[in-house]
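[1] the amino acid sequence is not available; the structure is as follows:
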């Protein structure tokens, strides 16, 4: 008896049912469809990832399953390699097509995909990878990129409308599960982390566009206020609970109807720039390991593990840096300015190589997106040769954006007794002030591990001098030619 034909949708970072092109194409086949997610051991072991990511993914899958109940189906969630999973499914069904989105990921996932492409060819399976959020693989230049991106975003969302009994029935999936190592989707209830899933993502989106967006530009740089003033949609976009197109469409609709257009223009502009950086990483993936500008490959930064550990644990002696790192460790979130500041402190003030922090920060950011992560880190490290060198003054940022120390006191409680200006610079307190406050520097809170002003000046001098290096200049020209948008001003102003 011939096996029943089955089309597979392989979920990756597209954990949603609506506006999912892979699902759309599978459903158009008019064949029976199985939705599949594979937890892969090589990613469990990868230092970019952390339990917080796996919990978010599990919550996202659980949310999808709740929505699939109406269709008498669910996602088959297993733990193995994708090749073994498909081989096992082939014992029960005839599989001719597999659909997924094209992932702009780290090198290990790219190698996985190359291996899987070879596997599909050997087994006469057509693997259709769909464009994700208008990122194009194999692009040589950016001559038409913005127009192409804009055209893609103006298309209608893909609807989720399977025919009756087109999705593989839950009972059949339950039978298949007996042949696999199944993953329990239950997670602990940690309210400090945003919960995964399209349902929760839509709640954040509604609250932002109904109530919170009028404060967007006012609060975007504040470590405390940004936690409600910013959209907080980044993890839902990074893991694909929401497509960028879905978010842009709602943002444009609200902008066209309401007030505070400047705030929405700024928000939409950042979604465009997000895509720009992911496309950049897609075209130059070696920046996961090395500076995009080869002129910086020989930059000498001696490792100091003691410095690195103090930075990771929030024990540098600089209150805003420490508050940010502790907050990130506990919640998985920091706003953009604070992310840039802690990166700047690591690579400039501590003079440590960015490669030594990239995996750690990836594992801490709940919204880790490789295509944003690596280009931004290299920009902040000052190793592109094309961007303005920015070395953040953590003390100035502390005074400007957390003057009363509210954020600092929340995450560095040992400084609760201090007020401005000492909350920003405890090291400036005299012995008498410490006695009066009941606070002892070096006992209750560490001395600064470096001289902020001197280390900033040293880093600035070295990096500015390198700007004139022949290799740095040559590489800067190459990078600009390859990645600069021909209508850059249009992208920035056409909001």
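    Happy to help now that I have it. Nothing here was measured: the structure is a model prediction, and the numbers come from that model. Residues are numbered from 1 along each chain as shown.
[2] quick check: closest non-adjacent residue to residue 264.
    Spatial nearest neighbour of residue 264, chain neighbours left out: residue 255 (4.0 Å); criterion: C-beta to C-beta, 6 or more residues apart in numbering. Bear in mind the C-beta positions are built from the backbone N, C-alpha and C, glycine included.
[3] any idea how far the helix or strand hosting residue 464 is from the chain center?
    Element membership for residue 464 (DSSP states H and E) is helix 452-466. Once both centres are worked out by C-alpha atoms, centre = their mean, to the nearest Å, helix 452-466 turns out to sit 29 Å from its chain's centre.
[4] tell me the buried residues in that helix?
    Buried residues in helix 452-466, counted by 16 or more other C-beta atoms under 10 Å: 452, 455, 456, 459, 463, 466.
[5] next secondary structure after that helix?
    Following helix 452-466 toward the C-terminus (DSSP H and E): helix 470-483.
[6] tell me which residues are up against that next one.
    For helix 470-483, contacts defined as C-beta atoms under 8 Å, 6 or more residues apart in numbering pick out 141-142, 280, 283-284, 292-296, 384-386, 466-467.
[7] tell me the buried residues within those.
    Applying 16+ other C-beta under 10 Å to the contacts of helix 470-483 flags 142, 280, 283, 292, 293, 294, 295, 296, 384, 385, 386, 466 as buried.
[8] quick one: least confident of these?
    Lowest pLDDT within the buried ones among the contacts of helix 470-483 is found at residue 142 (89).
[9] please name the nearest non-neighbouring residue to that residue.
    Computed as C-beta to C-beta, 6+ apart, the closest residue to residue 142 that is not its neighbour in sequence is residue 485, at 5.0 Å.
[10] okay, angle between the helix holding residue 464 and helix 470-483 too, please.
    80 degrees (axes from the mean of the first three to the mean of the last three C-alpha atoms, to 10 degrees).
[11] helices or strands next to helix 452-466 in the packing?
    Under the contact definition 3 or more C-beta pairs under 8 Å, 6 or more residues apart in numbering; DSSP states H and E, helix 452-466 sits against no other helix or strand.
[12] give me the nearest residue to residue 283, chain neighbours excluded.
    residue 139 (5.8 Å).
[13] re earlier: which residues touch the helix holding residue 464?
    Outside helix 452-466, the residues that reach it (C-beta under 8 Å, 6+ apart) are 295-296, 299, 318, 347-351, 382, 389, 391, 393-395, 472.
[14] inside helices: which ones of those residues?
    Judged by DSSP state H, the contacts of helix 452-466 include 394, 395, 472 as members of helices.
[15] which one (most neighbours) among these?
    residue 394 (23 neighbours; other C-beta atoms under 10 Å).
[16] sorry, back to before: of the buried residues of helix 452-466, closest to residue 158?
    Relative to residue 158, the closest of the buried residues of helix 452-466 is residue 463; by C-beta to C-beta it sits at 45.4 Å.
[17] how far away is the closest one from residue 151?
    Separation of residue 463 from residue 151 (C-beta to C-beta, to the nearest Å): 39 Å.
[18] pLDDT score for residue 260?
    90.
[19] what are the structural domain limits within the chain?
    5-132, 198-283, 294-483 (automatic domain parsing).
[20] which phi and psi does residue 365 have?
    Residue 365 adopts backbone torsions of phi -70, psi 120, taken as degrees, to the nearest 10.
[21] spit out the contact partners of it.
    Residue 365 neighbours (C-beta under 8 Å, 6+ apart): 328, 332, 333, 334, 339, 373.
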